[in-house]
Structures are given as C-alpha cells and as structure tokens.
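J.: Got a predicted structure plus its sequence, pasted below:
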Number of protein chains: 2
Amino acid sequence: MYGLIGKMRAARGQRDAVMDLLRASTGALPGCLSYIIARDPADADAIWVTEVWTDAESHKASLQLPEVQAAIAKARPFIAGFEFQVETHPVGGFGLADAKTG
Amino acid sequence: MYGLIGKMRAARGQRDAVMDLLRASTGALPGCLSYIIARDPADADAIWVTEVWTDAESHKASLQLPEVQAAIAKARPFIAGFEFQVETHPVGGFGLADAKTG
C-alpha cells in the first residue's frame, strides 16, 4: 500500500471552503482505501490530509481524473501552500476501505 | 471526530516487531473509526500511525482496555521514542469505519 500524510495551509479564513471542496471530491476513487480530511485545532488555517492507496500508481492516476482535476482547480485559489508531506507504506490496521477497481 | 497523527521510532531493527504488535492489537475498539499503521520508506526505524476516533474520550478509554494495555506492555521494550504527534479534528472523507459502540 501507498500512503501520504500532508499538512496544507489555506489562505486566511478559507479553511472551511477548502475542506468543503476536498470533501466534495473525495469518494470511491479507483485504488483509494482511505482519504481523511481534518482540521488542526492548534493552527487556524491548517488542514491535515491522510491518504491510503493500493499503490503509488493509483494515487498518481487519480490526479488525472476529470473530477479531481476540477476540484484542484477550484481549491487552488484558496490554498496558501503545503507545509509538510511524507510518503508512507501502510501495512494494515483498521478502517481501510475495500478498493474500487478500475 | 478526534484524530491523531504520530511518528514512533522503533529500537534499531525492531520496526517489524513493533508493527506486528500494533497490528495484533488493532481491531474494532469502541469509538475507533480508523487506525492505520505504516512504515516510513525514508527512515528505517520509523512508524507512522494515523488514528480517527468518534471523540477524544473514546481514544482515552481505549488506552485502559486490557488488550491495549497488554499490547503497550509488550511493545514498550522495542520502542525508542515518539518523535511527532499532532491532534486533529477530522471532518470527513473516505474510508472511515462504522464505530462499534460500547
């Protein structure tokens, strides 16, 4: 499995708008096992996104999907930057969805 | 919802042992919506754990469960330390399990 843990900074006051756009574009994408959007309670503009995919290729392919491209285009004006990102190799746990294929 | 993102460091060479113990103790704990264990591919002893709970209380209560206490006791000798931990407030996404009650 392939994972990402990232911290994104919304433009001042735009966190809820960015999170709404992220949530609207999050669904059963091919290869997606988990995609969780969270506020940072200690940092008013910060959003944490944790993702698990079957493999790096499915994550990369998702970025080319029309609905994801549209969400990225909508959210971009409200995003100030990406502060932190780490790739992980999830091995298991609880709460991983079944992957939709193809 | 209540979330935790943490980076743990295993004692040298003990990462797989720690991850096996974490996986064995991870199941449908009351209030747990997601608990994912991952290797850091760029850091040989590092483990990332991302968690989502219905609330902070259910997370806190889980630490008192006998099976969780037993797992903590078993894993402790193989854990060198905790390098990073952030609390989050997840708002949604994909792959959150249904919470087991009580």
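T.: Nice, I can see it. Numbers count the residues shown, from 1 in each chain, chains lettered A, B, ... in the order given.
J.: For chain A, which residues are neighbours of chain B?
T.: Counting by CB under 8 Å from any CB of the partner chain, chain A comes close to chain B at A:1, A:3, A:5, A:19, A:22-23, A:26-29, A:32-42, A:48, A:50, A:52, A:86-97. The C-beta positions use only the backbone N, C-alpha and C, and glycine is treated the same way.
J.: where do the helices sit along chain A?
T.: In chain A, the helices defined using DSSP state H lie at A:15-24, A:56-62, A:66-75.
J.: Run through the neighbouring helices and strands of the second one.
T.: Spelled out, that is helix A:56-62. strand A:2-10, strand A:46-53 (3 or more CB pairs under 8 Å, 6 or more residues apart in numbering or on different chains; DSSP states H and E).
J.: Mind checking the pLDDT average for that helix?
T.: Helix A:56-62 carries an average pLDDT of 96.
J.: What of stretch A:74-82?
T.: Mean predicted lDDT for stretch A:74-82 stands at 95.
J.: And it, end to end?
T.: End-to-end distance of stretch A:74-82: 16 Å, with CA to CA, to the nearest Å as the criterion.
J.: Identify each buried residue in that stretch, please.
T.: In terms of neighbour count (16 or more other CB atoms under 10 Å in any protein chain shown), stretch A:74-82 has its buried residues at A:75, A:78-79.
J.: Return the member of those residues nearest to chain B.
T.: A:Ala75 (14.6 Å; CB to the nearest CB).
J.: you'd agree the closest one is up against A:Val18?
T.: Yes. Look at A:Ala75 against A:Val18 with CB atoms under 8 Å: they come within range, at 5.5 Å.
J.: Dig out what the residue nearest the centre of chain A forms beta bridges with.
T.: Nearest to the mean C-alpha position of chain A, by CA atoms, centre = their mean, lies A:Val49 at 4.8 Å. Counting by DSSP bridges, A:Val49 forms beta bridges with A:Gly6, A:Ile37.
J.: my guess is it meets A:Ala10, correct?
T.: No. Look at A:Val49 against A:Ala10 with CB under 8 Å: they stay out of range, at 11.9 Å.
J.: Now for those two: what residues contact both?
T.: Shared contacts of A:Val49 and A:Ala10, defined by CB atoms under 8 Å, 6 or more residues apart in numbering or on different chains, are absent.
J.: about what we covered before: save the buried residues of stretch A:74-82 as TSV, and put in distance to B:Pro66 too.
T.: TSV is the format used below for the buried residues of stretch A:74-82 (distance: CB to CB, whole Å):
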residue	distance to B:Pro66
A:Ala75	45
A:Phe78	46
A:Ile79	45
